[in-house]
Structures are given as structure tokens and as C-alpha cells.
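Visitor: Build me a model:
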Amino acid sequence: MIRIVLVILCLNIYTFAYHISKISTDLLVSDIILLQNEALPAENIKKINKAKITEILLKNCSGVIDQETFKHYPKLQKLTLLKSNIEEINTPLPLSSLVALGSHLPNLNDDLQQKLSKVQAVLLIGNKDFEINVQSLKKFKHLENFFVSQANFSEECVTKDWFREMNSLEGLVLSDVNLICLAEDAFDSLGRLRFLDLSYNHLQNLEKKIFKKLTKLEKLALFENHIDHLDLSVLASQKNHLTKLGISWHVIKNSGITAEQLLRALPKLSLIDFGKIEMPNDFEAGEFCAVLRQNGASCGYEAEFGTAKNLGYSYVGYTHCDKL
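Guide: A predicted model of the protein is given here:
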């Protein structure tokens, strides 16, 4: 399970002792109540500077977002909620990016989708009570990155209907969201997808053609599921482009897959990520990784896949901040 120990926002260095901090085009507001029909309190910032703000972080805040909340921030593009409780969103938000970390906000249904109709990137982590209606999800036609961990979907089996209109999607994380199955055509409409993380779920089987239409996929994570055996034919369609694979060591071992076989199936492979907090220490794993290293690839654990990490946030030990 992904645990957020510490989140570092890669905007600049903020001093959390203050209620309001501003650096360049980024604004931090902490420990306030957002009142209905009132603008976001930021009295120490001149109006001319507010007009330049493109990113706002609300930390430990609560209340309601309506048409008055961000009226002084016409260029606002990215909203981050950190440990905040947003009870209602009553106005359209012309955001390109929404991030919620350990925060409460209204469930993702048709109403919220209409208010976020222009959003291109969504990251939702650490709200076990948050529910996503899959019939509303497919209406996000402009989404390029959709990263969800520790939340709930209205259905437990992913079907093609979930993403039918999301033709621009390049990054998809459905990690620790209680999925139990994937329809064979679940990802058929996602021809632009480059990153797919299905870790920490309850998947038991992978249909042979599940990834066939993912002709640009570069990174795939499957570790920490209930998959005991992997048929390499499932990855046959990924031969020319998959470079990084996240899979539990016991799956490779139980399937009798050798490093040579894996490299023949995925000749562009540069990394196997076992997804554990430590490397497997048995002799076979050592031999397996040694062969990979001899062929320009490597083994790692939590080396590549991590929901927050891949959207520009970090857990303790991660400092990768180059997206969104």
C-alpha cells in the first residue's frame, strides 16, 4: 500500500509558519476557512500580483469553493489541496490541473465533472471515502494524466466504457483502488497511453490481449496484486516500446521466467521494479538481476513507480519534480 509520509510540493520553498506565502506565480494559503460568497483571504498580496498567480496550494483549509473564492486569480491553472476539507464546489473552475492529497472533496460525479470540464491532469491520493463514478469519468475528454490511489470507483471491474472518450490520456494510475478484474478490451481506446500503473489491487488474471492496443506504452506496473503466474504472451504487444516493468518477484519465479526469456520478449527493457520496500534476497533473484545487468537493464524496488512521484510530488526519499 502506498503511504504518504511526507509530501514535498515542487513549487519553491515555502515557510509553513505563515498563513499566506507567495513566491513568483505560486501561492500557499494555509489554515483558513473558505466562506461562501467571500474571496480567498490573501490581504498581504497586491491585486496586481494576484492577477499573475497560476498555482494555488490550500493546506489544512476547509469550507466551500464558489464563484467568489478565486475571482482575483484569473490565470489560475493548478489547484492543490493538502490535508484540506472542501465540502462543496459550487462554480466552474477553469483549471488544467487538480491535485488532492489526503483531502476531502465532493465525489467525482457528473456535477463535479461539469465544473472541471477543462482539466487535463488529476491526481487524487489518500481519501478512502472518495468515490469516482465511472460513468462520469469517461466525460473528461481533455484528460492527459489521471492518477488515483487510495480511493474508490463505483465499479470494481475495469471495462472499455470507463475510458471510451478519453483519447488524450497518456498517464493512468489506478493503484490501491480495490480493482478485481480487467475486461480484455479495457484499454482499447487509450492508444496514446505511455504510463500505466495497476499496482496494489486484487487482480488475479490478465487477459491475453489486454495490452494489445497500447502501442506506445513505455512503463507498466502490476506488482502487489493476486497474480501468481504471468504468461509472457500477455506482453507480446509491448515488444517494441516497453522499457520499464513493475512486477512482483514471486510472479516471475512462479512463472519460471528467466531473465533471457524476459529480454527476448521485451528487448527494450531497462528496469524491472519489484515494488517492495526491499529487494528479494534469494539466490535466483540475484542470478536473474545479474543477467539483466549484463544486458544493460537493472532491478530495483520502488525505483520507478509511485503515484505522487510521477506527477511531480515526492514521498520521503523521492525528490523527482519535473511534471505538471
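
Visitor: residues in contact with stretch 177-190?
Guide: With contacts defined as Cβ atoms under 8 Å, 6 or more residues apart in numbering, stretch 177-190 is touched by 148-153, 156-160, 162-167, 169, 172, 193, 196, 198, 201-214. C-betas here are computed from N, CA, C, even on glycine.

Visitor: list the contacts for residue 50?
Guide: 42, 72-73.

Visitor: Excluding covalently adjacent residues, which one is nearest to residue 250?
Guide: Excluding the flanking residues, the one nearest residue 250 by Cβ to Cβ, 6 or more residues apart in numbering is residue 228, at 7.6 Å.

Visitor: And the one you found, what's its pLDDT?
Guide: We have a pLDDT of 93 for residue 228.

Visitor: quick check, it in a strand?
Guide: No. Going by DSSP: H, G, I helix; E, B strand; the rest coil, the assignment for residue 228 is coil, not a strand.

Visitor: Excluding residues flanking it in the chain, which one is nearest residue 192?
Guide: That would be residue 170: by Cβ to Cβ, 6+ apart, it lies 5.4 Å from residue 192.

Visitor: ok, now which ones touch that neighbour?
Guide: With Cβ under 8 Å, 6+ apart, residue 170 has these contacts: 144-145, 192-195.

Visitor: Among the contacts of residue 50, name the buried ones.
Guide: Listed as buried from the contacts of residue 50 are 42, 72-73; burial here means 16 or more other Cβ atoms under 10 Å.

Visitor: Starting from the longest helix anywhere in the chain, tell me the next helix or strand along the chain.
Guide: If you go by DSSP state H, the chain has its longest helix at helix 283-294. The helix or strand immediately downstream of helix 283-294 is strand 298-300, counting by DSSP states H and E.

Visitor: If you count contacts, what does that next one end up packed against?
Guide: strand 271-273, helix 283-294 (3 or more Cβ pairs under 8 Å, 6 or more residues apart in numbering; DSSP states H and E).
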